[in-house]
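Enquirer: build me a model:
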Amino acid sequence: MATITKVNRKKGEACLICFAHPKTNKWVRRVVYCSRKEAERIRKKIDADIAMGTFNILDTDRPGYSWAELKKKYLKFAQKNKSEGTAERDMNVMDVFEVFLGTDEYPLIGITGSVIQEYKVARIGEGRKEATVGLEMRHLRSIFYQAMKWKMMDINPVVGVKHPKKDIIKVRYLTKAEIKRLLEAIQRAEDWDFGKLVQAYLNTGARRNELLPPYFTWGNVDFHNRQILVQGKGKRKRYIPMNATLYGILEGLQKDGYEVPFEYKPDYVTRRVQKYYREVSIKGANLHSLRKTFGSLLLQYGNVDLYTVSKLLGHSSVTTTEKYYVDLLDENYRSSVGIVEDILHDVQNSEEQHAHRTNKKQ
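Expert: Presented below is the predicted three-dimensional model:
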């Protein structure tokens, strides 16, 4: 039976778990950085695995998997299965977490909820924004879930640790007047092809790369069903209906013999949009603001429900959409109350008129 002894370590609260290896009968010692309660749960898991014959270790000198082994395996997985940007963020988060652990040989069994809590507090103490720390914790949660699928861990240590309080995200979208100034500036420059790309972003809500090669070619355009196919985050694909403006733009480009609809490099598109913003004094906006503008126009003027907007934008959930457009939703909620007032006012007037007619008859 495994035993637990509380030990003192500079890194914080820790326990020493000792047990006899089921095959070699050699004594194994593990230091886990967690509370006594969490250590007790680990001890019970070890006893249960030994009893069921499912206890799995790499060798007698260093039982269990290390952080280095998970990191190496996960990075290969991320590079193959995730977008380049997401894989890079995973790598950055793992590097930061490894610095906190102090060694890449840190045993995975020692990464508990207490360790994640200490990491969260340490990062905020370093001056990191709570939103940044929350994002790092979401990456770690995803990494540890994958470790569980590979049977390298039994529990996800991030689950149960309260994430930092999220700030309300203020979305910068363009007003009607700003859209007009932007398009007029592009027209004055006779930058016709780039103007068509800007129009495409405004009419689809697509992310930057979703309308650029190699992710977007003529194979993604379905003129017959009037829709385009785009590839979003996590290689998730979605269809976006083509309105008359987008249909006309793409039809014209194909007739003119363009090899792909929009032959631009991503960074060039970002810089060029910023150039036009500066020219017409649009401040605090970026290329992604065109995507946010698409969502805001639907909610403000299109009488479109939140679920539909979420699907068109390719958000992972309606909660994500709600987070970004909370200000507009609040305004819609207030307007909705006004609509109810108008309806009740009309009902009340009709009842008063009916009562008046009844009294006259009497």
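
Enquirer: quick one: the residue nearest to the spatial centre of the chain from Gly234, how far?
Expert: For the chain, the residue nearest the mean C-alpha position is Ser316 (7.2 Å; C-alpha atoms, centre = their mean). Ser316 sits 8 Å away from Gly234, taking C-beta to C-beta, to the nearest Å as the criterion. Glycine gets a C-beta too; all of them are placed from N, C-alpha and C.

Enquirer: what secondary structure does the residue nearest to the centre of the chain sit in?
Expert: Classification of Ser316 using DSSP: H, G, I helix; E, B strand; the rest coil returns coil.

Enquirer: now it. Its backbone dihedrals?
Expert: phi -70, psi -30 (degrees, to the nearest 10).

Enquirer: repeat for the one 3 residues further on
Expert: When quoted as degrees, to the nearest 10, the phi and psi of Thr319 stand at phi -60, psi -40.

Enquirer: separation between it and Val115?
Expert: On the measure of C-beta to C-beta, Thr319 and Val115 end up 28 Å apart.

Enquirer: so which of the two has more stuff around it?
Expert: Neighbour totals were compared for Thr319 and Val115, and Val115 leads with 25 against 10 (other C-beta atoms under 10 Å).

Enquirer: OK, contacts around that one?
Expert: 33-34, 101, 157 (C-beta atoms under 8 Å, 6 or more residues apart in numbering).

Enquirer: take those residues and keep only those in helices.
Expert: Cross-referencing these against helices under DSSP state H gives Leu101.

Enquirer: tell me the one of the contacts of Val115 nearest Trp67?
Expert: Minimum distance to Trp67 across the contacts of Val115 is 6.1 Å, recorded for Leu101 (C-beta to C-beta).

Enquirer: that older thread, most widely separated two among the contacts of Val115?
Expert: So, those by C-beta to C-beta: farthest apart are Cys34 and Leu101, at 13.6 Å.

Enquirer: ranges for the helices of this protein?
Expert: With helices called from DSSP H, the chain shows them at 36-52, 67-81, 84-101, 113-125, 130-149, 176-188, 192-204, 244-255, 266-279, 288-301, 306-313, 318-324, 326-361.

Enquirer: tilt between the fourth one and helix 130-149?
Expert: So the one you mean is helix 113-125. Using axes from the mean of the first three to the mean of the last three C-alpha atoms, to 10 degrees, the inter-axis angle of helix 113-125 relative to helix 130-149 is 150 degrees.

Enquirer: may I have helix 113-125 as CSV, with CA atoms only?
Expert: Provided in CSV are the C-alpha atoms of helix 113-125 (Å, rounded to 0.1, in the frame of the first residue of the first chain):
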residue,chain,number,x,y,z
GLY,A,113,-4.3,21.7,-9.5
SER,A,114,-2.2,23.3,-6.8
VAL,A,115,0.7,23.7,-9.3
ILE,A,116,-1.6,25.3,-11.9
GLN,A,117,-3.0,27.6,-9.2
GLU,A,118,0.6,28.6,-8.3
TYR,A,119,1.4,29.2,-11.9
LYS,A,120,-1.6,31.4,-12.4
VAL,A,121,-0.7,33.5,-9.3
ALA,A,122,2.9,33.7,-10.4
ARG,A,123,2.1,34.9,-13.9
ILE,A,124,-0.3,37.6,-12.7
GLY,A,125,2.3,38.6,-10.2
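
Enquirer: centre of the chain to that helix, how far?
Expert: Taking C-alpha atoms, centre = their mean, to the nearest Å, the mean C-alpha location of helix 113-125 is offset from the chain mean by 21 Å.

Enquirer: swap in the first one?
Expert: For helix 36-52, the separation from the chain centroid amounts to 34 Å (computed by C-alpha atoms, centre = their mean).

Enquirer: pLDDT below threshold where in the stretch 1-150 of the chain?
Expert: Within the stretch 1-150 of the chain, the ranges that satisfy pLDDT under 70 run 10-12, 53-63.

Enquirer: go with 50
Expert: 57-63 (pLDDT under 50).

Enquirer: what does the stretch 251-362 of the chain give?
Expert: Using pLDDT under 50, the stretch 251-362 of the chain drops low at 333-339.

Enquirer: reformat the helices of the chain into a markdown table and put distance to Arg226 next to each item.
Expert: A markdown table is the format used below for these (distance: least, C-beta to C-beta, whole Å):
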| stretch | distance to Arg226 |
| --- | --- |
| helix 36-52 | 56 |
| helix 67-81 | 32 |
| helix 84-101 | 30 |
| helix 113-125 | 48 |
| helix 130-149 | 36 |
| helix 176-188 | 23 |
| helix 192-204 | 12 |
| helix 244-255 | 6 |
| helix 266-279 | 25 |
| helix 288-301 | 17 |
| helix 306-313 | 14 |
| helix 318-324 | 24 |
| helix 326-361 | 27 |
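
Enquirer: what's the burial count for Ile77?
Expert: Just to correct that, residue 77 is Phe rather than Ile. Phe77 has 16 neighbouring residues, counting by other C-beta under 10 Å.

Enquirer: surely Ala122 and Gly102 touch.
Expert: No. Applying C-beta atoms under 8 Å as the test, Ala122 and Gly102 come out as separate, 11.6 Å apart.

Enquirer: ok, longest strand in this protein?
Expert: Assignment by DSSP state E gives strand 12-20 as the longest strand of the chain.
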